Every structure is written in structure tokens, then in C-alpha cells.
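S.K.: Next come a sequence and a model predicted from it.
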Amino acid sequence: MTMRTLMTGCQIATMLPDGAPYGLIDDGAIVVNGREIRWVGPRLDLPQEFAGLEAMDLGGRLVTPGLIDAHSHVVYGGNRAKEFEMRLSGASYEEIAKAGGGILSTVTATRAATQEDLVAAALPRVDAMISEGVTTLEIKSGYGLTPDTELTMLRAARDIAETRRLRVKTTYLAAHAVPPEFAGRADEYIDTVVLPTLRQAHGEGLVDAVDGFCEGIAFAPDQIARVFDLAKGLGLPVKLHAEQLSNLGGAALAASYGALSADHIEYLDDQGVAAMAKAGTIAVLLPGAFYTLKETQTPPVASMRKAGVPMAVATDCNPGSSPMTSLLLAMNMACSFFGLTPQEALAGTTRNAALALGLSDAGVIAAQKRADLAVWDVSHPAELAYTIGMNPLHRRVFEGRFQ
Ligand code: DI6
Ligand code: FE
């Protein structure tokens, strides 16, 4: 017999798009059957067949879908506190990258780490995310940049899902930076490392999606296109770090491959917005990187809203441009810096974050979806994006089980 649970005494932000703001149900009830939601609605409408279940009273708390962090680089070696100091003395992110620092210093530390080291280093960060109600986390490779070390990063990401009650989606990001041994030979790096390693990683079942960094300090659109061609051939979805520091037309390129998402997109233009809208590509906003790099160009939120491009919000947790584990803080920043409403920010870490990962079984509270939930000590969902440095999580539910 699968375990059935009835929750009552709660407000439910279902995050279903039609109807009340936040899809809110006052005095709601949720029936969980095993790992799945079986029924959700107003308590007074509870079908007779569930009336006999013993109710767990949530004391008037708010239930939301479990949070989904759709963009993270949480697996890496070392840290970049030194670079933080350098940037505070005036050096720019791009200058540091050109001087061999930046991503490449993390590459050195990551290459020196074992798979176990990488898992151990990532777990405190992952635990911080879980403590804020995250139930699905995307994790990228991209700090190894050799066949072996990229595979090690992906295996470490898979290990995290075995070690914690958390769903992990892995993203292959070998096209993140040109490693020092290929300096000035980016095309050769793509041909001899990125493409063959993608084939191998896919063969081992390590890859859920393929990403790249399309930027002056990283890869040009035609180089990214070669990676995406192979991803398409393997049947893997793509996403792209696009228009973060300049506009190279990366988002439109990604959209032309039916990308799940284009991420960062501070410099996205109208053509890029239109291409994303047409392809159904999700905009993943990463205000932690915007904040850390002291950027001033904000993503075109009003145009995206108008064009109907769904927006997600993620931490971009990484040692350089966003040493941040708090998805709640990312929601707050998305409101304060980018002008999202608290409702858009919560949709960005639930419904739209699921879409950015190609997941149709999570991100909203509805029958047949995964029973991944967060129970909060707040009286209105806007409080989640409003407070700063406060963690109101009461309990997390993962695959139907309370923690
Ligand atoms: N954009 C980012 O914000 C991260 N990667 C990327 O392509 C930064 C990665 C780093 O600085 O280590
Ligand atoms: Fe990133």
C-alpha cells in the first residue's frame, strides 16, 4: 500500500497560471499518494474518498511547490575570495579572466580535486539550498575542461542526488572557457575535447542538457552552434549563457535550436526577445551575478513580459560571479534590481524554473505532479521575496516525505 497523507490547515500557492494570484487557495487541502500529489483544492471540497484519512494540520502555514534552482555551478574546487579582493581594488571580471584568473583559477582547483572532494565541497552549499526549500537543483560541469575532469564533475553531481533527498539535473558545460593548454585554439578545443566528451558523457547517462558560454571571453556563436548540433543529434536539450556582458545574438541562436532557456540575458535585444518568445525559450534571470559583478544593464523584463517570455530566477551559484546559495535572496534581488513582482519571482523558482529544465512533473501543486513541496512560516507568499536574510522554511516535502 502506498502511503497517503492528507494536509489541511494551510494556504496553498499552487502557482497554477490561471485564476487567483499565486494560484492561491485559502484553507486548502492536499492529498499525497506515495511520491505524487493525488488531489488539491479547498478543504471543503475534499472528495469523500479522502475524508477518512487522518489530517495533518499545518497550522495555517503556506504551502508552495518545492523550489527549483534552474542554474547552478555548485560543484567546483577551491574558492575565489582573493579575486573578490582584487575586484574591490578595481580590477574587472574580464581583466581578471584575461590575466588567467577567473574561471581558470577554479579550473586548476577543480582538476586537482577527486570526485569525492568535489562532492564534499559542494554538500555544504547544497545543504544551504535544501534548507530553503529547494527540491530540484540543476548542476553544470564546466570547471574541468578535460575529458576526465568534465566526467568527474558530472559524476559528482549525480552522487549528490544519491547523498541527499534532492533531484539533480545535470548540464554539460565544457564550452564554458578555453582551457590554458588550448589558448588561442578554441576551435580545436571544441573538436578534440568538447564534442567527443559530450558523446562519452551522454553514453554514460551523465547528461540531461547541454550548455555553453557565448561571450567575447568565451565562445563565439558559430562555435556554440557546433556543440548544439551534436546535442541535437544526440537528442539532448540545450540552454545557453547568453548576452551576459555583451550582445552576440546568443539567445536567438539558442532559440533557433529550440533551447529550454537562455540565461543571464542582460544585453538581450528585441530580436532576441522575439526569437525566445517564438521558440518558447525560458529567460533565466541571475541577479546574483548582476549584483556581484556590479553590472548596470538590466535584462529587458518589460519586453519579455509583453512578448510572453516566461522568466525563471536562479542562483547561478558559482565561485566567481555569484557565490550565492540563497534562492530566496535571488528572488528578492530579481524584484529589487530587475523589477519582477514577488509573484513573478516565485513563479521563477517554481513553475518557470521547471520549464527551464524541461520538467513537466514539478513546479506547480496539482494532481499527478511530484509531491515536492515547501511549507513556510509566512502568512502571504509575497513575504518569500520580501524578506532579506531570513529563512522562513518550516518543512520540506520531497517525493511525498516530510523532512
Ligand atoms: N557566467 C557566469 O556567470 C559564470 N559562468 C558563466 O559562464 C561565472 C563562472 C565563474 O566566474 O567561475
Ligand atoms: Fe552560470
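M.R.: Received the coordinates, thanks. Ligands and ions are numbered 1, 2, ... in the order given.
S.K.: Quick one: residues contacting the closest residue to ligand 1 within the stretch 301-403 of the chain.
M.R.: Among the residues of the stretch 301-403 of the chain, residue 320 lies closest to ligand 1, at 2.4 Å counting by C-beta to the nearest ligand atom. All C-beta atoms are positioned from the backbone trio N, CA, C, and that covers glycine. Contacts of residue 320 were listed using C-beta atoms under 8 Å, 6 or more residues apart in numbering, and they are 80, 83, 93, 102, 103, 106.
S.K.: Kindly report the same for residue 83.
M.R.: 96, 101, 102, 105, 320.
S.K.: next one: residue 117
M.R.: Here residue 117 is in contact with residue 77 (criterion: C-beta under 8 Å, 6+ apart).
S.K.: host element of it?
M.R.: Assigned by DSSP states H and E, residue 117 belongs to helix 115-131.
S.K.: Which residues of the stretch 301-403 of the chain lie near ligand 1?
M.R.: 316, 318, 319, 320, 321 (C-beta under 6 Å from any ligand atom).
S.K.: top of those residues by neighbour count?
M.R.: With neighbours defined as other C-beta atoms under 10 Å, the most crowded of these is residue 316; it has 30 neighbours.
S.K.: where do the strands sit along the stretch 201-350 of the chain?
M.R.: 209-212, 239-242, 261-264, 282-285, 311-313 (DSSP state E, counting those that start in this stretch).
S.K.: Mean neighbour count added to the ones you listed, as CSV?
M.R.: Formatted as CSV, the strands of the stretch 201-350 of the chain follow (neighbours: other C-beta atoms under 10 Å):
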stretch, mean neighbour count
strand 209-212, 28
strand 239-242, 32
strand 261-264, 30
strand 282-285, 30
strand 311-313, 30
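S.K.: got the ones you listed as a markdown table, with distance to residue 170 and mean pLDDT columns?
M.R.: Output for the strands of the stretch 201-350 of the chain, formatted as a markdown table (distance: least, C-beta to C-beta, whole Å; pLDDT from 0 to 100):
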| stretch | distance to residue 170 | mean pLDDT |
| --- | --- | --- |
| strand 209-212 | 8 | 98 |
| strand 239-242 | 12 | 98 |
| strand 261-264 | 15 | 98 |
| strand 282-285 | 16 | 98 |
| strand 311-313 | 18 | 99 |
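S.K.: ok, residue 273 touching residue 302?
M.R.: No - counting by C-beta atoms under 8 Å, residue 273 stays clear of residue 302, with 9.9 Å between them.
S.K.: thinking again about what came up before, need the worst-confidence member of the contacts of residue 320.
M.R.: In terms of pLDDT, residue 93 ranks lowest among the contacts of residue 320, with 76.
S.K.: Can you get me a residue count around it?
M.R.: Neighbour tally, residue 93, other C-beta under 10 Å: 23.
S.K.: and it, what is it in contact with?
M.R.: Taking C-beta under 8 Å, 6+ apart, one finds 87, 102, 245, 293, 320, 321 in contact with residue 93.
S.K.: about what we covered before: let's see which of the contacts of residue 320 end up in helices.
M.R.: Among these, the ones falling in helices (DSSP state H) are 83, 93, 103, 106.
S.K.: can you narrow these to ones near ligand 1?
M.R.: 103, 106.
S.K.: circling back: residue 273 and residue 302: which has the busier surroundings?
M.R.: residue 273 (26 against 11).
S.K.: Quick check: the more buried one vs ligand 1, distance?
M.R.: 20 Å (C-beta to the nearest ligand atom, to the nearest Å).
S.K.: check contacts around that residue.
M.R.: Contacts of residue 273 (C-beta under 8 Å, 6+ apart): 300, 303, 304, 307, 309.
S.K.: could I get those as TSV with neighbour count and pLDDT?
M.R.: TSV is the format used below for the contacts of residue 273 (neighbours: other C-beta atoms under 10 Å; pLDDT from 0 to 100):
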residue	neighbour count	pLDDT
300	22	98
303	16	98
304	21	98
307	16	98
309	28	98
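S.K.: Quick check: of those residues, which lies closest to residue 164?
M.R.: Of all the contacts of residue 273, residue 309 has the smallest distance to residue 164: 32.1 Å, by C-beta to C-beta.
S.K.: need the contact list for that closest one.
M.R.: Residue 309 neighbours (C-beta under 8 Å, 6+ apart): 273, 276, 277, 281, 282, 283.
S.K.: residues from the chain in reach of ligand 1?
M.R.: Residues of the chain lying near ligand 1 (C-beta under 6 Å from any ligand atom): 102-103, 106, 176, 213, 241, 244, 289, 316, 318-321.
S.K.: Could you point out which of those residues is nearest to residue 17?
M.R.: Once C-beta to C-beta is applied, the member of the residues of the chain next to ligand 1 that ends up nearest residue 17 is residue 316, at 25.2 Å.
S.K.: So which residues of the stretch 151-300 of the chain form helices?
M.R.: 186-189, 195-203, 221-234, 250-256, 270-279, 287-292 (DSSP state H, counting those that start in this stretch).
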